[in-house]
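Student: let me see the structure of the following:
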Amino acid sequence: MMELAKNFLGIFTMASILGMAMGAAQASEVKFDIPGQNKVETTAARYICKKSSLPLPVKIFRVSYINAGPTSIAIVPVKDGATVFSNVVAASGARYVAGQFEWWVNKDGATFTDVNNKNATASCTEVKNPKAKENSQ
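Tutor: Next up is the predicted model:
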């Protein structure tokens, strides 16, 4: 019974955070089981990227991170909505991929790359000032 409750909590937490990250107007519910008794942890960070042709917001935006044991995802605002990136092996930092895009976090920054075009990379900086306004996207 306890394991069932923990799995339900993991599913509920993931679905809730995905919905919040996508915004109420365009939220979709996503549910999946997380094997084992892994605690679900969520964090968020705000970034601003140097101007590029990549489909990222031009102003400060929030990225949500969800970790449950070996399962880690990042929710990044790509194009006109939120995209779920899955964590993959990295030499350093945390590397996430979704389709043709890569979000690689290292220390206080991140890079966003279109892997189909290695010249298409955006350098992003974490914004730690709590008063800085986020993109309204």
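
Student: which residues of the protein fall in strands?
Tutor: 40-49, 61-68, 71-78, 81-88, 94-98, 101-106, 109-114, 117-126 (DSSP state E).

Student: roughly how far is the first one from the heart of the chain?
Tutor: Read it as strand 40-49. Strand 40-49 sits 7 Å away from the centroid of its parent chain (CA atoms, centre = their mean, to the nearest Å).

Student: can you redo the strands of the chain as CSV with mean neighbour count, mean pLDDT and distance to residue 133?
Tutor: (Glycine included, C-beta is placed from N, CA and C.) Output for the strands of the chain, formatted as CSV (neighbours: other CB atoms under 10 Å; pLDDT from 0 to 100; distance: least, CB to CB, whole Å):
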stretch, mean neighbour count, mean pLDDT, distance to residue 133
strand 40-49, 17, 95, 10
strand 61-68, 20, 95, 11
strand 71-78, 21, 95, 15
strand 81-88, 17, 94, 19
strand 94-98, 19, 97, 25
strand 101-106, 20, 96, 22
strand 109-114, 19, 96, 19
strand 117-126, 14, 92, 16
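
Student: could those strands go into JSON lines alongside distance to residue 31?
Tutor: Formatted as JSON lines, those follow (distance: least, CB to CB, whole Å):
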{"stretch": "strand 40-49", "distance to residue 31": "13"}
{"stretch": "strand 61-68", "distance to residue 31": "13"}
{"stretch": "strand 71-78", "distance to residue 31": "14"}
{"stretch": "strand 81-88", "distance to residue 31": "13"}
{"stretch": "strand 94-98", "distance to residue 31": "19"}
{"stretch": "strand 101-106", "distance to residue 31": "23"}
{"stretch": "strand 109-114", "distance to residue 31": "27"}
{"stretch": "strand 117-126", "distance to residue 31": "30"}
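
Student: which residues does the nearest residue to residue 53 once chain neighbours are set aside contact?
Tutor: Counting by CB to CB, 6 or more residues apart in numbering, residue 53 lies nearest to residue 120, which is 6.5 Å off, once chain neighbours are set aside. Going by CB atoms under 8 Å, 6 or more residues apart in numbering, residue 120 touches 52, 53, 54, 113, 114.
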